[in-house]
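Participant: Quick one: sequence plus predicted model below, questions after.
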Amino acid sequence: MPAHRGLFRADGTGLEADCDDAELTGFALGGPLDLDALMADDPEWVTSADVFAEAALPDGSGRLVSGGGSHGSDGFFARIDTEGRLVWVVHLFCNELVAIAVDWPLATLTNNCDNTLTIDLTDPDFGPA
């Protein structure tokens, strides 16, 4: 996945994303990102995606996964559809995200520093399409 802060959709669109690093405070989505332009600027600025946690979504629309990457401070969470295809992935520099708790419609992600970030899965940015 791109080693840039952002929400990246499988269709190539995206949004800026940021938080206060390992504290996970101040999480916010920003303006549009052009994934093609980001990758053209630095095509090797990518990271692996090592999954450490997974949670089924109770509405039956798929699952969330989270984990870390090859740069140590990487953390990511992603929505996967019922066919196992990526819907979107959020990459941050927040340390590895090692646990997921879903209490519909909220999902709380915990990093390896025991800090948490909660998202609303009914928010259009985090939806199934």
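Facilitator: That came in fine, so what should we check first? Numbers count the residues shown, from 1 in each chain.

Participant: Report the central residue of the chain.
Facilitator: V90 (2.4 Å; CA atoms, centre = their mean).

Participant: List the contacts of it.
Facilitator: 6-8, 17, 76-78 (CB atoms under 8 Å, 6 or more residues apart in numbering). The way it works is simple: take the backbone N, C-alpha and C, and place the C-beta from them, glycine included.

Participant: Now do the same for it: its pLDDT.
Facilitator: The score at V90 is 96. That number is its pLDDT.

Participant: Equivalent analysis for F52, please.
Facilitator: pLDDT, F52: 96.

Participant: so it touches L109, yeah?
Facilitator: No - taking contacts as CB atoms under 8 Å, F52 lies outside contact range of L109: 10.5 Å.

Participant: between those two, who's got more neighbours?
Facilitator: Neighbour count, other CB atoms under 10 Å: between F52 and L109, L109 has more, with 26 against 16.

Participant: what's the more buried one in contact with, if anything?
Facilitator: Here L109 is in contact with 24, 53, 66, 77, 97, 99-100, 116-119 (criterion: CB under 8 Å, 6+ apart).
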